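Peer 1: This is the structure alone, sequence omitted:
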C-alpha cells in the first residue's frame, strides 16, 4: 500500500531517469517482468570501436536475470575483448499497442510499453547452466517446446553462445490512452482516437516432410 | 541482370559485413527500402558517457535519408555535445515473420527481416524542412493523415526536434522458410514447421468526444 520506492521497484539511476515524459516512466518490477515476458525479441546495443551497434536477438527471463542467445553476439563479445571482461550493453524491448491520432499533428503519438536494461552481459560458461538457459530460451519463445524437441548435444552446446545479464538497472516506459489535444483544437474537423496494434500468431505451417499434427502449445499459442 | 554490386546495392563496409549467417545478408536498396517502409518504429543506438543506449523512436524514409522524431532524441543530442557535431548512431528495424520450430533445439530459429543503418544523425534546423519532415513522419505512420490534421504551428515546430540520417552504410538481413534440421533428426517424433507472426491493426477506437466517422485511411489501414 506504500507509494514510496521499495523492494518492488528497481533503484533509479542517472541513466534510467527520463529527461522527457517522466510521468510515463516506472521502475516497478512486476511491470518490467510483464513487458519482458510478453516479448522474446530485444534490440541489444553495444559499443564497437567507439561506435554504437544495435542487433536484434532473442532473450528469456529467469527471475532477475536475462539470458541472451549468442548467435548474434559473437562479434560483440569479441569486440569487447573477450569473455572475461564482459560486454556493457543496453537491452531494449518495445511493444507497440496503438497509433494515437490527435486533431493536431503535434499531439500524434504511439501507445507502447518498453523496457530498457543497462548492464554488463557475461558469457555463460558452465555447461549445465548453458543447457538450462537454452531450454529457457526455447520455452520463452514457445512455452512447452523444450520438452518436445531433441536437446542440444555436446557439439551443439559448444557451438552456441549464451550471455547472461542481470536485471539491476532497469526502467519501463508506458504510453496508453487516447490523444491529448489542446482544448482549442477540440472542434477541428479531424477524427481523433487510437488505431490498435497487436502481434498475432497464425495457424502452424508444417514443414514439407511433417506428418504429425501440430501440438496444442502451438494451436493455442498466445502471448501477453 | 548483373550479379555484381552496382548502384542498386549499398556499398559493403567492415561493420556491415556479417560474421555469421552471411548468406542472409543483403545490400539491395529495394529490399532495404521495403523493410524500412513497412515499419515505423526503430531502435536507435548511441553512445552516452562511453556506454551504449538504445531507445525506441519513430522514423520516416524519404529517398536515401531517414527522418527521426526527436522527442526521445533530446538527451542523445545533448550527450553528443550539441547539434553541430552530430550524433553517431546505429538504427535498427526488425520485423518478425515467424517462429521456426525444428526437431532439434539447436535448429530452432526465427524468421525475420531487419535493416541496420550506421551513420551520423544531424538535427534538421531549417524550419521548412522540419515542417516537411514532420508531415513525412505523420504520413509514414498513417498514410494520408498529414493532410487531415492541424499542421504544427511555430511554437510546436520549435518544441520538436527532428534528426536526419543518410542511408549510406546499410545492410539488410533476412531469414525465411522452414527449419533446417540435420538429416539424422528427420524421424524424431517432434512436429516441425513455422508459426507465422504478423502485426495487425484493429478497428479505429474513437476518442470520447469524437462524433466523426473514422476516415478511410484508417478503416483500410494496412502495411507491407
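Peer 2: Received the coordinates, thanks. All values derive from a computational prediction rather than experimental measurement.
Peer 1: Now do the SS call for residue A:23.
Peer 2: Of the three states, residue A:23 takes helix under DSSP: H, G, I helix; E, B strand; the rest coil.
Peer 1: Excluding chain neighbours, what is closest to residue A:150?
Peer 2: Excluding the flanking residues, the one nearest residue A:150 by Cβ to Cβ, 6 or more residues apart in numbering or on different chains is residue B:104, at 4.4 Å. Backbone N, C-alpha and C define where each C-beta goes, glycine included.
Peer 1: List the contacts of that neighbour.
Peer 2: With contact taken as Cβ atoms under 8 Å, 6 or more residues apart in numbering or on different chains, residue B:104 is in contact with A:149-150, A:152, A:156, B:181-182, B:185, B:188.
Peer 1: Just the buried residues of those.
Peer 2: A:149-150, A:152, A:156, B:181, B:185, B:188 (16 or more other Cβ atoms under 10 Å in any protein chain shown).
Peer 1: Tell me the secondary structure at residue A:218.
Peer 2: Following three-state DSSP, we place residue A:218 in the helix state.
Peer 1: Can you give me the neighbour number for residue A:128?
Peer 2: The number of residues packed around residue A:128, counting by other Cβ atoms under 10 Å in any protein chain shown, is 9.
Peer 1: next SSE after whichever strand or helix holds it?
Peer 2: Per DSSP states H and E: residue A:128 is located in helix A:127-141. Moving toward the C-terminus from helix A:127-141, the next helix or strand (DSSP H and E) is helix A:154-159.
Peer 1: Now do that following helix, average pLDDT.
Peer 2: What helix A:154-159 shows for mean pLDDT is 90.
Peer 1: and that helix, is it in reach of chain B?
Peer 2: Yes - shown here: helix A:154-159 in contact with chain B (Cβ under 8 Å from any Cβ of the partner chain) through A:156, A:159.
Peer 1: Touching that helix from outside, list them.
Peer 2: With Cβ under 8 Å, 6+ apart as the contact definition, helix A:154-159 has outside contacts at A:127, A:130-131, A:134, B:104-106.
Peer 1: One more pass at 6 Å, please.
Peer 2: A:130, B:106 (Cβ atoms under 6 Å, 6 or more residues apart in numbering or on different chains).
Peer 1: just checking, next helix/strand downstream of that helix?
Peer 2: Toward the C-terminus, helix A:154-159 is succeeded by strand A:162-166 as the next helix or strand (DSSP H and E).
Peer 1: Helix A:127-141 and that following strand, what's the angle between them?
Peer 2: Calculated by axes from the mean of the first three to the mean of the last three Cα atoms, to 10 degrees, strand A:162-166 forms an angle of 80 degrees with helix A:127-141.
Peer 1: Look at the closest residue to residue A:109 other than its chain neighbours and report its pLDDT.
Peer 2: Among residues not flanking residue A:109 along the chain, residue A:100 sits closest, at 4.0 Å (Cβ to Cβ, 6+ apart). pLDDT, the model's per-residue confidence, is 98 for residue A:100.
Peer 1: Please report how far residue A:107 lies from residue B:22.
Peer 2: Distance, residue A:107 to residue B:22, using Cβ to Cβ, to the nearest Å: 45 Å.
Peer 1: who has more neighbours, those two?
Peer 2: The neighbour comparison of residue A:107 against residue B:22 (other Cβ under 10 Å) goes to residue A:107, with 19 against 9.
Peer 1: just checking, what packs against the helix or strand containing residue A:122?
Peer 2: Per DSSP H and E, residue A:122 falls inside strand A:109-123. Where contact means 3 or more Cβ pairs under 6 Å, 6 or more residues apart in numbering or on different chains; DSSP states H and E, strand A:109-123 is packed against helix A:29-38, strand A:87-101, strand A:162-166, strand A:169-175.
Peer 1: want to throw the contacts of residue B:104 into JSON lines with distance to residue B:53?
Peer 2: Below are the contacts of residue B:104 laid out as JSON lines (distance: Cβ to Cβ, whole Å):
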{"residue": "A:149", "distance to residue B:53": "36"}
{"residue": "A:150", "distance to residue B:53": "39"}
{"residue": "A:152", "distance to residue B:53": "33"}
{"residue": "A:156", "distance to residue B:53": "34"}
{"residue": "B:181", "distance to residue B:53": "39"}
{"residue": "B:182", "distance to residue B:53": "40"}
{"residue": "B:185", "distance to residue B:53": "41"}
{"residue": "B:188", "distance to residue B:53": "43"}
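Peer 1: out of those residues, which one sits closest to residue A:221?
Peer 2: For these, the minimum distance to residue A:221 (Cβ to Cβ) is 15.4 Å, reached by residue A:149.
Peer 1: I'd say that closest one and residue B:189 touch.
Peer 2: No - between residue A:149 and residue B:189 there is no contact under Cβ atoms under 6 Å: 10.2 Å.
Peer 1: Where in chain A is the helix or strand with the lowest mean pLDDT?
Peer 2: The weakest-scoring helix or strand in chain A, judged by mean pLDDT, DSSP states H and E, is helix A:74-79 (a mean of 60).
Peer 1: Flag the shaky bits of chain A, pLDDT-wise.
Peer 2: For chain A, applying pLDDT under 70 flags the ranges A:1-6, A:20, A:71-84.
Peer 1: Taking the chain centroid, which residue in chain A is the extreme one?
Peer 2: What lies farthest from the middle of chain A is residue A:187; by Cα atoms, centre = their mean that is 39.7 Å.
Peer 1: From residue B:211, how far out is it?
Peer 2: Using Cβ to Cβ, residue A:187 is found at 10 Å from residue B:211.
Peer 1: in which helix or strand would I find the residue farthest from the centre of chain A?
Peer 2: Using DSSP H and E, residue A:187 sits within no helix or strand.
Peer 1: same thing with residue A:196?
Peer 2: Counting by DSSP H and E, residue A:196 is found in strand A:193-201.
Peer 1: How about residues contacting the helix or strand following that strand?
Peer 2: Downstream of strand A:193-201, the next assigned helix or strand under DSSP H and E is strand A:205-206. Applying Cβ under 6 Å, 6+ apart, the external contacts of strand A:205-206 come out as B:193-194.
Peer 1: partners of strand A:205-206, with directions?
Peer 2: Next to strand A:205-206 in the sheet, as set by DSSP bridges, lie strand B:193-201 (antiparallel).
Peer 1: ok and the partner strand relative to strand B:109-123, angle-wise?
Peer 2: 40 degrees.
Peer 1: what's the angle from strand B:193-201 to helix B:29-38?
Peer 2: Orientation check (the same axes, to 10 degrees): strand B:193-201 against helix B:29-38 gives 60 degrees.
Peer 1: So residue A:11 lies in a helix, does it not?
Peer 2: No - Residue A:11 is assigned coil when assessed by three-state DSSP, not a helix.
Peer 1: What's opposite the residue sitting nearest the centre point of chain A in the beta bridge?
Peer 2: Residue closest to the average C-alpha location in chain A (Cα atoms, centre = their mean): residue A:93, at 3.2 Å. Beta bridges link residue A:93 to residue A:115, judged by DSSP bridges.
Peer 1: shouldn't it be in contact with residue A:44?
Peer 2: No - with contacts defined as Cβ under 6 Å, residue A:93 does not count as touching residue A:44, sitting 10.2 Å away.
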